[in-house]
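> sequence? don't have it. structure:
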C-alpha cells in the first residue's frame, strides 16, 4: 500500500518492527511523517505518545495521521485507524470584530460541509475594537472579553457540529484569521500596546496553540493555528486574504483592498509585497449616517438615476422594503447623483437640479432617497450634506492611500492587472460607480474582482492544502509594511482627491468621457 | 547593562520599543534570547505570552529568563524581574527502579542546595521492573504504576522544598534520567514493547514535557526534560552518566561500566561511543543469596583473610553489627577466599582449607562468614556453593561483555586509560579484588575511578550548564549500540571466564604474580 496524502492528512503503511528495525514507535512514525511532508523535525505530544503503542499494533502499523507544519516543526495533531469511517474535521474561522464566521472542513476530502456565522459577543462591551481595548485595561476586563469570545466559539462550535451531525471531539484542527487586536483578545493577550505609540503587539506569529490551553473544548489533542500578523495594523485576516487571492503567486502586479474601519491595501506579486493600512473612514462600511448600515435584507445596495428625468431607481438586498443604505449603495448613489448633476464636483448637493428631493433643513442641505410611504420604517430615508462630505473624505482617503503605495513602489495604476476587493463591501460594490466617484483607479472594469470573505477563504485553504503553510510563511516574510506618513505630500494628494472624481480629470479619462 | 548569563538563565536588557523599533513583545524577547543562546528558533508558550506585556513594561524591559534548548528549539520556561531575590530552582532526578534521588539546584548560581532520596513507590507492585511491566499490561495497571511514581515525586518534591525553605512553585525545570522502562512508566507510556521481541520502546527522545501534562504540580509553566534512551536497553540514566563522566570529551579511550540488574558498558572517546548492555547477574548487586543486600548500614562491604592463619576480618558500612553482604563485599570475599586457597580455580569451596568455616549441609558446601553470636540477626551469616557459583557466573558475564565490546571495536584493554565505575557498586568496589577474581581487566588500579551516582550527576549538570544539552545530543548521535549476540564465540569466552581469575592466566599477570 502506498502512503496516501490529502492536505494535512496522510495514511501511512509503516514497516512492522523487527530485530533489524527496532526503532521506537515514535521514531518509526516520525520518520514516515518526515518523509511524507518533507520536514525534518517532527513533534509528537505526550497525549499522542500514550496512544501510539496500542494503536499501532491494533491497526497493524497502518495509521491515518493529521499533521501541521508549525513554522518548520511538523506537529502530529491526531491519529485514526485507516478503517475509521469518520474523517478528521477542521474549522476555518474568520474572527471579525463585528462578525465571526466558521466553516467546517472535512480534512480527508477538503470539502466544506457547513457554515455558521454569529455576531462577535464582545459587541456587548463595545461595537468598536478601541472600546474593547480600553475595557481590557480595566480590572478583569481582558478576562471577560476573552471569556465572551471563547464562550461564543464554544456555543457556535456546538451549533455547527449539530448541523453537520458530528461531535465537537471530531474537530482536530482550527485555523483562525483575524485582525491583530481580535486575535490578542481571542488568545487572552493584553492588546493595549497595539493602540498606543509605538504600537506594539504582544506576538506576531502565535503558531499552533493547544485548543485546550485556549479553553476550547474540541478534540483533546486539537491545535489552533492563529494566522500571523505583521505588526499592529496588518492582521492575520489580511495574510489569509492574500493567501486566498493568490496574489502572491502572480507574475504581474496585483492589488488587494480590504475595506473596513481601516482600509488595508496590498500591492505586489510573487516576488514582493508591500502593504499598508490607513483610516479610510467608516463611511464606506455604512457606519456614519443615520441610515447607513452594513449589507443585509432591505438595505439599498444599488441606485440608478435617470439623467433625463432624474427618476430614482433603487435595489435592496433580497428586494425587501428599503430601510437603510450600505457602503456600496452609497458609492452607487454618489456616482449617480454626480452623473445626473445633483452633486457638483465638490460633492455638494445642487438644490436646483432636483427641488423635490433636495431641501434645506436646519441649515443643511438634505436629499430624500426614499419617501416615507415607500420605506420599511415609515420614515423618509434621507442623507444630509455632512453624510456626503464624509463619504467623499473616505473615498479621497482610499484613493490617496492607493496612490501613495503605488508611487512608493514606483509603479503606476496601469501596471496593475488585477484588483481584488475583499469583504462584503467587495461583493456588493460596482467598480464603475467607485471609479466614477474617483475612489479607485480608472482601470478596465474586468480588472476588479470581488473576493468575498477572503479571510475565511484563506483559513479554509490552510486547512485544505499543506502547501498553504509554506505560502503563509512566504507571504509573511515577503511583506514590507509601509507606514503611511500623513505629511504635506499626503495631504496635498488627499485634497486633490476630495473632488469628483478628482481635480486632475485626466486621472479618470473614462469618467470624463461619460460625463 | 550587559546581558548576564548563567547556565540556562539570562538577564536581558531589551531595547525599549519605539516607532523605529516596533517589534512585538514576543519578537523583541525572542531576538534577544536567540542571540544569547545562539539558537535560531525560539518558542514562547501561551501562558508566558500572557505575562509578557505587563511584565516587560513593569520591569522596564529588563527580564531574567530561564530557557532550555529542546533539541534545537529554544523554549522559554520562565521569566522573573531581575530584582527578584528568589532564584529559579531546578530539580535533577535519578529515576531508579529501586531508588529515586532528587537534587535541588539553584539555577542562578548552579549550586546544589538539597538532596532527597526515596524508595521507588512502584516497589509495592514489584521490586523488579519486569513484574511492573507485566502489571502495566493488566487493566488499569499502567495508570496505577504511573500514579504511584508521580505521587511519590509530588510528596518528595514537597519534602525537599520544605527542607530548602522554598515553595513547589519555585521549581521551573526538572531533568529526569532513568532507564527506558522507568521513564516510560513515569510518562505513562506503555512499556510492554520494551521486553518483548523485537524490543520496541514507545519513544527515544521525549524532550521537554510540560510538568502539568505529567501531573506534576510545580511552577505552572515548568518543563520536565527526560533524558533520551538508545532503544530498550540503554537508558537515559546512562546518557546522563556519560555526560557526568566526561568520557565523551576525552581524546584517549575510556570505558564506563554501570552495574545493576544489567551491566551497561560504554567504550569510547570524543569521536565515537560504543555501548552495550547485558545481564551480568544480580549477584553483583547483592540480590541473590539469602544474606545478599544492597549497600547500607551493617552490610559487609570489605573482607580480609589472612593467608597465614586464615583469620577473617570484615568491615561493615557505618561499622554496625553485620547483617548481610553487598556486591562489592562479595567480590572482596571471593578474592580473599581465592587468594587464601579457600576457593579453588573453579570457584569451589575447599573444605580441607578451613574445616571450621566450611561445612556441608543438605549436600551443599557452605561457608560461615560471621558466627551467630557476632551477627546483627543472631543467626550465622553463611553462603552456599550456589551463591559462589552465581557470583562467578556474574563476574564471567561481566568480563565477557567487556572483552566482546573491546574486540568489536578493535582495541585492547591496554588502550583504555580510564575505567569509570558508576553507581553505589562503583563507590564501594575495590578494583584490586575485582581484578583478582577476573571480573575487570588487569589494568593499573588508578585507571579505575568510581563515579558515584553518575545518573544524578549528569542530570544536575544538564540543569547547571547550557552547553550540556549539546553534549547530550552529541552523545546520543555518536552512540553505536552493540547488540550482544550470545553465540558460540560468546559462550566460549564466557566459559573461559568462569575460572578464577581466568583460564588464560596471562590475561591477569598481576594476579598470577601475587598468587
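Yep, it's here. What you see is a predicted model, and the numbers here were worked out from it, not measured in a lab. Residues are numbered from 1 along each chain as shown, chains lettered A, B, ... in the order given.
> Would you mind giving the secondary structure of residue A:267?
Using DSSP: H, G, I helix; E, B strand; the rest coil, the three-state assignment for residue A:267 comes out as strand.
> Show me what it is bridged to.
Here residue A:267 sits in beta bridges with residue A:255, residue A:274, as judged by DSSP bridges.
> contacting residues around it?
Contact analysis of residue A:267 by Cβ atoms under 8 Å, 6 or more residues apart in numbering or on different chains lists A:253-256, A:273-275, A:405-406, A:409, A:411, A:416. Using the backbone N, CA and C atoms, a C-beta is placed for each residue, glycine as well.
> Between these, which sits nearest chain B?
residue A:275 (14.8 Å; Cβ to the nearest Cβ).
> isn't that closest one right next to residue A:233, touching?
No - if you go by Cβ atoms under 8 Å, residue A:275 and residue A:233 don't touch, sitting 9.3 Å apart.
> what's the overlap in contacts for these two?
residue A:264.
> Now do the contacts for the residue of the stretch 351-500 of chain A found nearest chain B.
Using Cβ to the nearest Cβ, the single residue of the stretch 351-500 of chain A nearest to chain B is residue A:483, 8.2 Å away. Residues in contact with residue A:483, defined by Cβ under 8 Å, 6+ apart, are residue A:276.
> My reading is that it lies in a strand. Confirm?
No - Residue A:483 is assigned coil when assessed by three-state DSSP, not a strand.
> separation between it and residue A:411?
Applying Cβ to Cβ, to the nearest Å, the value for residue A:483 to residue A:411 is 19 Å.
> Repeat that for residue A:455.
26 Å.
> more crowded one of these two?
residue A:455 (32 against 16; other Cβ atoms under 10 Å in any protein chain shown).
> Break down the stretch 351-500 of chain A into its strands, ranges please.
A:358-361, A:364-370, A:381-384, A:416-422, A:448-452, A:479-481 (DSSP state E, counting those that start in this stretch).
> now swap in the stretch 1-150 of chain A and tell me
Going by DSSP E, counting those that start in this stretch, the stretch 1-150 of chain A shows strands at A:4-6, A:9-13, A:42-44, A:62-70, A:73-80, A:89-95, A:99-106, A:112-119.
> okay, those strands, which one's buried deepest?
strand A:89-95 (a mean of 28; mean count of other Cβ atoms under 10 Å in any protein chain shown).
> would you list every one of the strands in the stretch 201-350 of chain A?
Under DSSP E, counting those that start in this stretch, the stretch 201-350 of chain A gives strands at A:207-210, A:223-226, A:253-259, A:262-268, A:273-279, A:299-305, A:312-316, A:324-325.
> For residue A:373, find the nearest of those strands.
Residue A:373 lies closest to strand A:312-316 among the strands of the stretch 201-350 of chain A, at 14.2 Å (Cβ to Cβ).
> for that closest one, the distance to its chain's centre please.
How far strand A:312-316 lies from its chain's middle: 28 Å, per Cα atoms, centre = their mean, to the nearest Å.
> Would you indicate which residues of that strand are buried?
For strand A:312-316, burial by neighbour count (16 or more other Cβ atoms under 10 Å in any protein chain shown) applies to A:312, A:314, A:316.
> still on that earlier bit, for the strands of the stretch 1-150 of chain A, give me CSV that also has distance to chain B.
Listed next are those as CSV, based on distance: least, Cβ to the nearest Cβ, whole Å:
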stretch, distance to chain B
strand A:4-6, 24
strand A:9-13, 16
strand A:42-44, 8
strand A:62-70, 9
strand A:73-80, 7
strand A:89-95, 16
strand A:99-106, 20
strand A:112-119, 24
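> Least reliable of those strands by average pLDDT, please.
In terms of mean pLDDT, the lowest-scoring of these is strand A:4-6 (a mean of 82).
> ok, back up a step: in CSV, list the strands of the stretch 201-350 of chain A along with mean pLDDT.
Below are the strands of the stretch 201-350 of chain A laid out as CSV (pLDDT from 0 to 100):
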stretch, mean pLDDT
strand A:207-210, 96
strand A:223-226, 98
strand A:253-259, 93
strand A:262-268, 91
strand A:273-279, 89
strand A:299-305, 93
strand A:312-316, 95
strand A:324-325, 92
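> between those strands, which gets nearest to residue A:492?
strand A:273-279 (15.8 Å).
> Please spell out which residues along stretch A:304-324 are buried.
A:304-305, A:310, A:312, A:314, A:316-317, A:322-324.
> make that stretch A:47-64, sorry
So for stretch A:47-64, counting by 16+ other Cβ under 10 Å, buried means A:48-53, A:55-57, A:59, A:61, A:63-64.
> what comes into contact with that stretch?
Contacts to stretch A:47-64, defined as Cβ under 8 Å, 6+ apart, come from residues A:1, A:9-16, A:25-26, A:28-29, A:44, A:76, A:78-84, A:88, A:220-221, B:187-190, B:192-193, B:200, B:202-203, B:206, B:213.
> Give me the subset of those that lies in helices.
Among the contacts of stretch A:47-64, the members falling in helices (DSSP state H) are A:25-26, A:28-29, B:187, B:192-193.
> ok, residue A:319 - contacts?
So residue A:319 contacts nothing (Cβ under 8 Å, 6+ apart).
> Might you enumerate the residues of the stretch 151-300 of chain A proximal to chain B?
Residues of the stretch 151-300 of chain A lying close to chain B by Cβ under 8 Å from any Cβ of the partner chain are A:187-190, A:192-193, A:197-207, A:209, A:213-214, A:231-232.
> redo that, cut-off 6 Å
A:188-190, A:193, A:198-204, A:209, A:213 (Cβ under 6 Å from any Cβ of the partner chain).
> Most neighbours out of these, which is it?
Highest count within these by other Cβ under 10 Å belongs to residue A:189, 29 neighbours.
> State the distance from that one to residue A:203.
Distance from residue A:189 to residue A:203, by Cβ to Cβ: 7 Å.
> and if you look at residue A:92?
Applying Cβ to Cβ, the value for residue A:92 to residue A:203 is 21 Å.
> Also residue A:232?
Taking Cβ to Cβ, one finds residue A:232 at 11 Å from residue A:203.
> List phi and psi for the residue of the stretch 351-500 of chain A closest to chain B.
phi -80, psi 120 (degrees, to the nearest 10).
> burial count for residue A:242?
29.
> and what of residue A:220?
12.
> Residue A:510 too?
15.
> for it, helix, strand, or coil?
What three-state DSSP gives for residue A:510 is helix.
> wait, it sits on residue A:442?
Yes - Residue A:510 lies in contact with residue A:442 (Cβ atoms under 6 Å); the separation is 5.2 Å.
> quick one on the thing from earlier: can you list the buried residues of strand A:312-316 in a markdown table and add distance to chain B?
Shown next, in a markdown table, are the buried residues of strand A:312-316 (distance: Cβ to the nearest Cβ, whole Å):
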| residue | distance to chain B |
| --- | --- |
| A:312 | 48 |
| A:314 | 46 |
| A:316 | 44 |
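> Closest one of those to residue B:370?
residue A:316 (106.5 Å).
> any idea how far residue A:289 is from that closest one?
In terms of Cβ to Cβ, residue A:316 sits 16 Å off from residue A:289.
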